[in-house]
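**Q** Could you look at this predicted model? Sequence included:
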Amino acid sequence: MIRSSFFTSLFFISLAFIVGPALAGEGHCEPGVGEERANTPAGAFEFLRDGTVIHSDTNLQWAQCAIGQDWGPDSCTGIADVFTWDDAKAAVEAFNRNGGVGGYTDWRLPTVDELETIAEHCREAPAINTTIFPDTPWAGFWSSSDGNDNAEHAWFVGFYYGLSFEYSRSASYRVRPVRSR
């Protein structure tokens, strides 16, 4: 799990360019980004065909679309909504009141550790397997995790490079609901 300050992030980004490409990865990886680091192959997910997937490594069920997007036959349509951290928590509650997805109404904001499990490190912009999570914006997604020693901050995962950051709760990021099985 990569949690980082801005300067540490720059180090990892620079390191990625120095290390360069290695072995050919699964089809969702991008050449030259770090194919040897593929961690979300499609085979690690059960596709339920209802807009949700189950990650076999974590036994978590994820909404394939961000809040604000709608699930279509094989893609997400619309634009992912952005929220402050407090509004993100309220958005998940409203999502559940409005029927959720996949027949479940116990969705929640993921922890930063959970959100990091779907960040894909063998591709960029977005750093996520787009076969599993189609039409994902590369911008940040909120976690439920509080900031370290700072009540004004919370953690998010940016899906440009798949890195985690602690930032102001008044910033605007997206939400991908998760549920425990």
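**A** Yep, that arrived.

**Q** burial count for Ala139?
**A** Neighbourhood size, Ala139 [other C-beta atoms under 10 Å]: 17. For every residue, glycine as well, the C-beta is placed using N, CA and C.

**Q** Roughly how far does the spatially closest residue to it that is not a sequence neighbour sit from Pro31?
**A** Excluding its sequence neighbours, the residue lying closest to Ala139 (C-beta to C-beta, 6 or more residues apart in numbering) is Arg174, at 6.3 Å. As judged by C-beta to C-beta, to the nearest Å, Arg174 and Pro31 stand 27 Å apart.

**Q** Which of the two has more residues huddled nearby?
**A** Neighbour tally, Arg174 and Pro31, criterion other C-beta under 10 Å: the higher count belongs to Arg174, 23 against 11.

**Q** can you pull up the bridge partners for the more buried one?
**A** For Arg174, the beta-bridge partners are Phe141 (DSSP bridges).

**Q** Now do the contacts for it.
**A** Shown in contact with Arg174 (C-beta atoms under 8 Å, 6 or more residues apart in numbering): 66-68, 80-83, 137, 139-142.

**Q** Narrow those residues to just the buried residues.
**A** Applying 16 or more other C-beta atoms under 10 Å to those, the neighbour count classes 66-68, 80, 82-83, 137, 139-142 as buried.

**Q** Okay, and which of these map to strands?
**A** 140-142 (DSSP state E).

**Q** returning to what we had before: could I get the contacts of Arg174 in JSON lines, plus columns for pLDDT?
**A** Converted to JSON lines, the contacts of Arg174 look like this (pLDDT from 0 to 100):
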{"residue": "Ala66", "pLDDT": "98"}
{"residue": "Ile67", "pLDDT": "98"}
{"residue": "Gly68", "pLDDT": "98"}
{"residue": "Ala80", "pLDDT": "97"}
{"residue": "Asp81", "pLDDT": "98"}
{"residue": "Val82", "pLDDT": "98"}
{"residue": "Phe83", "pLDDT": "98"}
{"residue": "Pro137", "pLDDT": "93"}
{"residue": "Ala139", "pLDDT": "91"}
{"residue": "Gly140", "pLDDT": "96"}
{"residue": "Phe141", "pLDDT": "98"}
{"residue": "Trp142", "pLDDT": "98"}
